[in-house]
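Asks: any chance you can model this:
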Amino acid sequence: MAESTYTVKGMTCGHCVRSVTEEVSEIEGVTNVSVDLPTGAVTVTSAREVGTEQVRAAVEEAGYELTA
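Replies: Down below sits the predicted model:
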């Protein structure tokens with residue numbers, strides 16, 4: 001199992017959280033996505049290491065920006 005935490009900019013509500021969770025969950029190997037709205041922290045748990053660029057692409061597809 002691998003776990004990484006990223007910071008996402010632009011999320012303001014529950015809909016934002018659902019959008020990011022849905023897109024990141026579609027990455028192959030991802031088993032859990034946890035989003036903390038107040039801090040913008042997105043923790044991704046996966047069966048194998050997931051690249052930052054894959055997460056960035058999913059976050060951008062949801063309409064937000066990965067900042068870290």
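
Asks: buried sites along the helix or strand hosting R18?
Replies: In the assignment (DSSP states H and E), R18 maps to helix 14-25. Using 16 or more other CB atoms under 10 Å as the test for burial, helix 14-25 gives C16, V17, S19, V20, T21, E23, V24. For every residue, glycine as well, the C-beta is placed using N, CA and C.

Asks: before we move on, what about stretch 60-68?
Replies: Buried, per 16+ other CB under 10 Å, within stretch 60-68: A62, Y64, L66.

Asks: which phi and psi values does the second one adopt?
Replies: Read that as Y64. phi -130, psi 180 (degrees, to the nearest 10).

Asks: who are the contact partners of the closest residue to it other than its chain neighbours?
Replies: Distances taken as CB to CB, 6 or more residues apart in numbering place G10 nearest to Y64, at 4.4 Å, with adjacent residues excluded. Neighbour list for G10: C16, G63, Y64, E65 [criterion: CB atoms under 8 Å, 6 or more residues apart in numbering].

Asks: right, I'll leave it there.
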